[in-house]
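Engineer: predicted model follows, preceded by the sequence.
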Amino acid sequence: MIKIWKECPLRDLNSFHVEEHADCIIEFDQKEDLDTIFAEANEPSKWFVLGGGNNILFTQRFDGTLIKPVGKAITIKAQIDDSVIVEAEAGVEWDDLVEWSVSNNLWGMENLSLIPGSVGAAPVQNIGAYGAEAKDVIERVHCFNVSERRHRTLGNAECHFAYRDSIFKQALKGKVIITSVEFRLSKSPQPNLTYGDLSKEVEARGGTSLRNIRDAVCAIRRSKLPDTAVLGNAGSFFKNPIVNKSIGEELKAQYDNMPIYPLSESKCKLAAGWLIDKAGLKGFRKGRVGVHDKQALVLVNLGGATGGEVIDLAHEVQLVVKEKFGIEIEPEVNIL
Ligand SMILES: Cc1cc2nc3c(=O)[nH]c(=O)nc-3n(C[C@H](O)[C@H](O)[C@H](O)COP(=O)(O)OP(=O)(O)OC[C@H]3O[C@@H](n4cnc5c(N)ncnc54)[C@H](O)[C@@H]3O)c2cc1C
């Protein structure tokens, strides 16, 4: 079913809770609805897909149509040996799907517990946390290509997944609407406890089980990240910078406790949160916005801020980090 809303307030549709408006929002729950919405006669001239709004910063009115998938079906498509193929529609809450997988004893998503947002957005930036990424479990992505007016399916390799990146942020950016995602989950245990304190937290809960891993991830996340209902934010505002190994090693020689993650022969990843913290900005406030006092990677709306105020703070953070370390940090958040 298609629902159309005009002159829409966006405050409750973005996790920063900035007060902007959109000309129009169209909700749909069947992929065939998109053939109608984008039929030649009524095609919106300017459109953007809105999931849960957890990775978007509105800096002005959106003078176009926000397309919002709201289909919430989860279906088992196939069982092949140890694997189960599960299809979830784009409007399913990501964490509801993780809870569903844990309740059904299916392994693969538990480390991605409590990441806010929709299933449809998960492949876009290849969401990741606690040593896991969505790409590890995505089998294929079903989408509607607007300019071709055609439904398409992309296999995992065709999605060009990388760190917080995919074809949906590159060649297909602004061209497709993801309608559902298929995941390959495992019936047999595949615990991934390599990241940080996860293993300790799981042990403290009585040992390695799917439920204990999910509970441990949720507890760690709740202790570190501000609740968006209380303090508007979009999680990590910046991506962890990927730099040449020689630059990483030079900095490591200067700052012994700096986290550094080798990626390849020539590249390594640095922790943007550590750089911001070390630059003295953790807890820094500027009017109605600030850098979170527990997690420097998170910029927060202290109440009533505009998207522009968040952007000004982000620029200041980028500048200070660049001056201190010579490293450029880029936003992970989509700025509109
Ligand atoms: C407190 C907090 C913690 C977070 N922690 C993490 C984390 O640990 N790891 C992580 O990776 N991210 C994290 N994020 C970011 C966020 O959860 C993810 O980016 C999530 O996938 C956003 O989902 P959404 O539905 O809200 O997408 P939106 O914010 O609505 O959209 C994000 C982007 O995806 C596009 N998009 C959304 N749905 C579709 C669709 N169906 N088809 C095509 N394009 C689409 C949008 O156009 C936009 O470009 C966090 C955010 C918050 C607020």
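Structural biologist: Good, I have the coordinates. Residues are numbered from 1 along each chain as shown.
Engineer: only C-alpha atoms from now on, for both contacts and neighbour counts.
Structural biologist: OK.
Engineer: with only the CA atoms kept, save stretch 301-318 in CSV.
Structural biologist: These are the backbone C-alpha positions of stretch 301-318, laid out as CSV (Å, rounded to 0.1, in the frame of the first residue of the first chain):
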residue,chain,number,x,y,z
ASN,A,301,22.5,17.8,19.7
LEU,A,302,22.3,19.2,23.2
GLY,A,303,18.8,20.5,22.5
GLY,A,304,17.2,22.5,19.7
ALA,A,305,20.3,22.6,17.4
THR,A,306,20.0,23.0,13.6
GLY,A,307,21.9,20.8,11.2
GLY,A,308,24.1,23.8,10.3
GLU,A,309,25.3,24.0,13.9
VAL,A,310,26.3,20.3,13.9
ILE,A,311,28.1,20.9,10.6
ASP,A,312,30.0,23.9,12.0
LEU,A,313,31.1,21.7,15.0
ALA,A,314,32.1,18.9,12.6
HIS,A,315,34.3,21.3,10.6
GLU,A,316,36.0,22.5,13.8
VAL,A,317,36.7,19.0,14.9
GLN,A,318,38.1,18.1,11.4
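Engineer: ok, and what's touching it?
Structural biologist: Contacts to stretch 301-318, defined as C-alpha atoms under 8 Å, 6 or more residues apart in numbering, come from residues 16-19, 57-60, 231-233, 276, 281, 286, 288-290, 299-300, 328-330.
Engineer: got a pLDDT number for P44?
Structural biologist: P44 is assigned 81 on the pLDDT scale.
Engineer: and the residue lying closest to it once chain neighbours are set aside, what element?
Structural biologist: By the measure of C-alpha to C-alpha, 6 or more residues apart in numbering, the closest residue to P44 outside its immediate chain neighbours is T65, 6.5 Å from it. Element membership for T65 (DSSP states H and E) is strand 62-69.
Engineer: which other helices and strands contact that strand?
Structural biologist: Counting contacts by 3 or more C-alpha pairs under 8 Å, 6 or more residues apart in numbering; DSSP states H and E, strand 62-69 is packed against strand 21-28, strand 47-49.
Engineer: tell me which parts of the stretch 151-300 of the chain are close to the ligand?
Structural biologist: Contact residues, the stretch 151-300 of the chain versus the ligand (C-alpha under 6 Å from any ligand atom): V176, I177, I178, T179, L225, T228, N233, A234, G235.
Engineer: any idea what the first one is bridged to?
Structural biologist: Beta bridges link V176 to N145, judged by DSSP bridges.
Engineer: before we move on, the earlier item: buried members of the contacts of stretch 301-318 into PyMOL, please.
Structural biologist: Those of the contacts of stretch 301-318 that count as buried under 16 or more other C-alpha atoms under 10 Å are selected in PyMOL with:
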select buried, resi 16+17+18+19+57+58+59+60+231+232+233+276+281+289+290+299+300+328+329
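Engineer: now, which of the contacts of stretch 301-318 lie within helices?
Structural biologist: Counting by DSSP state H, the contacts of stretch 301-318 place I276 in helices.
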